[in-house]
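Novice: Prediction below, plus the sequence it came from.
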Number of protein chains: 2
Amino acid sequence: MSTAPAGNRSGRSVSRQVLADHVYEELLASLMDGRLEPGTAVSIDGTARDLDVSPTPVREALARLEHTGMVRRVALKGYRVAPLFTREDFAELMEARLAIEPVNARLACERMTPGQLAELEEAVSDLKKAPRGPSFAEYRDYLEADERFHRLIAEHTGNQFMVSAYSALGGQVQRFRLFGGVGITDAEYAISEHQAVLDALEAGDPDAAAEAMAEHVRRVRGRAIADAPAD
Amino acid sequence: MSTAPAGNRSGRSVSRQVLADHVYEELLASLMDGRLEPGTAVSIDGTARDLDVSPTPVREALARLEHTGMVRRVALKGYRVAPLFTREDFAELMEARLAIEPVNARLACERMTPGQLAELEEAVSDLKKAPRGPSFAEYRDYLEADERFHRLIAEHTGNQFMVSAYSALGGQVQRFRLFGGVGITDAEYAISEHQAVLDALEAGDPDAAAEAMAEHVRRVRGRAIADAPAD
DNA sequence: GACGGGGCATTCCTATAGGATTTGTGTATG
DNA sequence: CATACACAAATCCTATAGGAATGCCCCGTC
């Protein structure tokens, strides 16, 4: 660290945040919006240099990220971004979503407060407003709102374990949205499906909410399989 | 490190395993069989001294463990074993198990090979043979077989994401078996319920397998609520 | 006897050093 | 021209040092 201290020993004590947390957030963001493509090696020393920190916090952040499935670690070879899905992986992911997300929708419907419902409405609204241009940068807002909608439903179950279960999937879902063949054409259909889920939640009908969510996941699966690239 | 190097720099190159892995396994075992009770602080430097390693691998192992929910981390205060469940936590855990484990049983039933079925039979057999004396040490074998049964079903779904989802719960389930009020008396009933799940799997009836698993979880919930201690 | 302050130990956190191994490159040889 | 070897660079992994903050205990004072 020669030129830029960039640390915190001289600055004010904003240092009340651990560097490993910062590194984790930074890497997660890079993974979520596609800056780090599947298969890329994530060098410990390298990212340490990039972020102007020592390898130790990077090591800790990567250990946490590994458990999300977004990076893989080989014992003495280092970390690399988890490889692209095969068709089988995608089928497994959708199967798992079908098991978990309709339950989340049902539970959320039974317990949601008006304020939480408003958050969901905002997510769907953002989804509709988000630009869906051909460029990645614009598409990002759409993806963010999509992910937010599903995550909020998981959180509004009030069940910490369902949140954990969804989180185990959520990152992979996001990665698939980016690289798995679901393209921008998906958006037109997906918006109405999200709206259907929201309608059922607003109506307070748990069965309908679960079914609408299940239908959404099935349709995502169907669209992706239709125009999925080769393995 | 004054007296015992205990490391690997002098020994033969068995060092082809990373120390952090060893520390992780060690801590996990301590958590799973009750040597580390809820609320206990897990000092980084302390465990490093205990295991004759430096703090760096311990730090990495704990970062991984945190994601399992078995230890909690407070930003600049360190790690401690996750606290005991409240009744609400327990209800949430059972709700999540009801959402996930019957699905696992159904999928496993549809796809399981004879060899995998034999593994399950062995787990149930071990469950019956395991001593259920009043001492913790003896009870351990029973708990291990119980956990193994459920984990094998998750793995035999052939769906890596359902395995992840179960893993997010599995550790907590095990911790609850130890500390949550489900006592040895549970064993007598649970064995027949496990047998019922196994019977359905052997019969190749997915619906029955899912229902048997759901019934098992519901009964575990019922028994625990019956004689649960106060919060 | 009760309360407050100072020093010491512990602990977390980050940086740095160095050993072991792999990888890549350049050169010499068949 | 292709192959093999050697050296250099990068990388992972572990240990150690030291700063910053917290907690604890003892002691002096009211």
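Specialist: Alright, I've got the coordinates. Every value quoted in this text rests on a predicted model; they were computed, and no experiment measured them.

Novice: Spell out which residues of chain A are next to DNA strand C.
Specialist: Proximity of chain A to DNA strand C (CB under 7 Å from any atom of the strand) is limited to residues A:1, A:7, A:18-20, A:52-57, A:60, A:76-77. Placement of C-beta: from N, CA and C, glycine included.

Novice: OK, contacts around the closest residue to A:L127 other than its chain neighbours?
Specialist: Closest residue in space to A:L127, ignoring its immediate chain neighbours: A:A145 at 4.3 Å, by CB to CB, 6 or more residues apart in numbering or on different chains. By CB atoms under 8 Å, 6 or more residues apart in numbering or on different chains, A:A145 lies in contact with A:123-124, A:126-127, A:130.

Novice: Quick one: which of those is the most crowded by neighbours?
Specialist: A:L127 (23 neighbours; other CB atoms under 10 Å in any protein chain shown).

Novice: what packs against the strand or helix carrying A:Y24?
Specialist: Using DSSP states H and E, A:Y24 sits in helix A:19-32. Counting contacts by 3 or more CB pairs under 8 Å, 6 or more residues apart in numbering or on different chains; DSSP states H and E, helix A:19-32 is packed against helix A:44-51, helix A:55-66, helix A:160-179.

Novice: among those helices, which is nearest B:R218?
Specialist: Shortest distance between B:R218 and the helices and strands packed on helix A:19-32, using CB to CB, is found for helix A:160-179: 16.3 Å.

Novice: can I get the CA coordinates of the closest one in CSV?
Specialist: Extracted as CSV, the C-alpha positions of helix A:160-179 are listed here (Å, rounded to 0.1, in the frame of the first residue of the first chain):
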residue,chain,number,x,y,z
GLN,A,160,-36.2,-16.6,8.9
PHE,A,161,-35.7,-20.1,7.6
MET,A,162,-37.7,-19.6,4.5
VAL,A,163,-35.6,-16.5,3.9
SER,A,164,-32.5,-18.6,4.3
ALA,A,165,-33.8,-21.2,1.9
TYR,A,166,-34.7,-18.5,-0.7
SER,A,167,-31.3,-16.9,-0.2
ALA,A,168,-29.6,-20.1,-1.1
LEU,A,169,-31.5,-19.9,-4.4
GLY,A,170,-31.7,-16.2,-4.9
GLY,A,171,-28.2,-15.6,-6.0
GLN,A,172,-28.3,-18.4,-8.5
VAL,A,173,-31.6,-17.2,-9.8
GLN,A,174,-30.1,-13.8,-10.4
ARG,A,175,-27.1,-15.3,-12.1
PHE,A,176,-29.3,-17.3,-14.4
ARG,A,177,-31.3,-14.2,-15.3
LEU,A,178,-28.0,-12.7,-16.5
PHE,A,179,-26.4,-15.6,-18.3
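
Novice: That one vs helix A:19-32, what angle?
Specialist: Here helix A:160-179 points in a direction 50 degrees away from that of helix A:19-32 (axes from the mean of the first three to the mean of the last three CA atoms, to 10 degrees).

Novice: what's downstream of helix A:160-179, the next helix or strand?
Specialist: Moving toward the C-terminus from helix A:160-179, the next element (DSSP H and E) is helix A:185-203.

Novice: How far does the helix or strand of chain A at the bottom of the mean pLDDT ranking sit from its chain's centre?
Specialist: Every helix and strand in chain A was compared by mean pLDDT, DSSP states H and E; the lowest is helix A:160-179, with a mean of 85. Chain-centre distance of helix A:160-179: 5 Å, with CA atoms, centre = their mean, to the nearest Å.

Novice: Next, see if the lengthiest helix in chain A gets close to chain B.
Specialist: Counting residues, the longest helix in chain A under DSSP state H turns out to be helix A:87-111. Yes: interface with chain B: helix A:87-111 contributes A:89, A:92-93, A:95-96, A:99-100, A:103, A:107 (CB under 8 Å from any CB of the partner chain).

Novice: out of these, who has the most neighbours?
Specialist: Within the residues of helix A:87-111 next to chain B, neighbour counts (other CB under 10 Å) peak at A:A96, which reaches 28 neighbours.

Novice: now that residue, nearest residue through space, not along the chain?
Specialist: Leaving aside its chain neighbours, A:A96 sits nearest to B:F161 (3.6 Å; criterion: CB to CB, 6+ apart).

Novice: For the one you found, give me its contacts.
Specialist: For B:F161, the contact set (CB under 8 Å, 6+ apart) comprises A:92-93, A:95-96, A:168-169, A:172.

Novice: Likewise for A:E147?
Specialist: Counting by CB under 8 Å, 6+ apart, A:E147 touches A:32, A:170, A:173-174, A:177.

Novice: Check the residues of chain A next to DNA strand C against A:L28 and report the nearest one.
Specialist: When those are compared against A:L28 (criterion: CB to CB), the nearest one is A:A20, at 12.2 Å.

Novice: domains for chain A, by residue range?
Specialist: Annotated domains of chain A cover A:13-81, A:87-226 [automatic domain parsing].

Novice: Report whether the first one contacts DNA strand D.
Specialist: Same thing as domain A:13-81. Yes: with CB under 7 Å from any atom of the strand as the criterion, DNA strand D is reached by domain A:13-81 at A:13, A:15, A:41-46, A:55-56, A:59, A:75-79.

Novice: about what we covered before: ok, whichever helix or strand comes after the helix holding A:Y24: who's next to it in the sheet?
Specialist: Going down the chain from helix A:19-32, the next helix or strand is strand A:41-42, by DSSP H and E. According to DSSP bridges, strand A:41-42 forms sheet pairs with strand A:78-81 (antiparallel).

Novice: And the contacts of the strand it pairs with?
Specialist: Strand A:78-81 is contacted from outside by A:31, A:36-44, A:62, A:65-66, A:70-74, using CB under 8 Å, 6+ apart.

Novice: circling back: could you redo the contacts of A:A145 as CSV and give each row secondary structure and pLDDT?
Specialist: Listed next are the contacts of A:A145 as CSV, based on DSSP: H, G, I helix; E, B strand; the rest coil; pLDDT from 0 to 100:
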residue, secondary structure, pLDDT
A:A123, helix, 97
A:V124, helix, 96
A:D126, helix, 94
A:L127, helix, 92
A:A130, coil, 86
